[in-house]
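**Student:** What follows is a predicted structure for the sequence shown.
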Amino acid sequence: MKIVLFIFFSILLLNNNRYKNQKIKNYELEKKNLTKIQYDVTQKCVTEPPFNNEYWDNKDDGIYVDVISGEPLFCSIHKYNSGSGWPSFFEVIDENAIKKDFDFDLGYRRIELKSKTSNAHLGHLFNDGPKPTGLRYCINSASLKFIKYENLDEKGYSDFKYLFNK
């Protein structure tokens, strides 16, 4: 009986590790398809130039997903013009999709944001945002991919239409 249980759990563990390795391999393939700025931002924690990035002034309805994993992160209804030159949001779609850690690269403490699924650097969190949260998720466009509202069904993000109450 012990041998059967050992074999069962060994197979279960092996299959689970194969799945994890497959996900990692898929993310590695996605990383190879990144542009130079996307790679530098997501993998080397570089900050893209303000006011000279893809989404800082995007006003279309839709969601912003992790450029590597496709994990939904932000919604356009939570986006606002912070004057910083980067896309800024006062709320995330799912708090569990983002990791927070301290960053002292500029000589003072900031909160760095990374995607939990791909570990991609996204940007930083500040406490100077608008109500209702008072937060500013200051995000690099290069770490995001934008899915327009009218394309949510086609791209497999139908479940997020509820955010817009249309």
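**Tutor:** That came through, no problem. On a predicted model such as this, the values are computed, not experimentally measured, just so you know.

**Student:** shaky segments in the protein?
**Tutor:** 1-32, 105-106, 108, 166 (pLDDT under 70).

**Student:** Geometric centre of it: which residue is closest?
**Tutor:** Nearest to the geometric centre of the chain sits residue 66, at 3.7 Å (Cα atoms, centre = their mean).

**Student:** need the helices for this protein, in chain order.
**Tutor:** For the chain, the helices defined by DSSP state H cover 2-32, 36-44.

**Student:** which strands and helices sit next to the shortest one?
**Tutor:** Think helix 36-44. helix 2-32, strand 121-126 (3 or more Cβ pairs under 8 Å, 6 or more residues apart in numbering; DSSP states H and E). Where C-beta positions appear, they are placed from N, C-alpha and C, glycine not excepted.

**Student:** try 10 Å
**Tutor:** helix 2-32, strand 121-126, strand 144-148 (3 or more Cβ pairs under 10 Å, 6 or more residues apart in numbering; DSSP states H and E).

**Student:** thinking again about what came up before, distance check, the residue nearest to the centre of the chain against residue 44.
**Tutor:** According to Cβ to Cβ, to the nearest Å, residue 66 stands 16 Å off from residue 44.

**Student:** Repeat that for residue 139.
**Tutor:** Noted for residue 139: a distance of 16 Å to residue 44, by Cβ to Cβ.

**Student:** The two: who's more crowded?
**Tutor:** Each of residue 139 and residue 44 has its neighbours counted (other Cβ atoms under 10 Å); residue 139 has more, 29 against 8.

**Student:** close enough to count as contact, that one and residue 85?
**Tutor:** No - the criterion here is Cβ atoms under 10 Å, and residue 139 misses it with residue 85 at 11.6 Å.

**Student:** intersection of neighbour lists for those two?
**Tutor:** Residues within reach of residue 139 and of residue 85 at once, by Cβ atoms under 10 Å, 6 or more residues apart in numbering, are 48, 53, 56.

**Student:** burial of the last one, as a residue count?
**Tutor:** As a burial measure, the neighbour count of residue 56 was computed by other Cβ under 10 Å and equals 21.

**Student:** so it makes contact with residue 48?
**Tutor:** Yes - proximity of residue 56 to residue 48 meets the contact threshold set by Cβ under 10 Å, at 9.2 Å.
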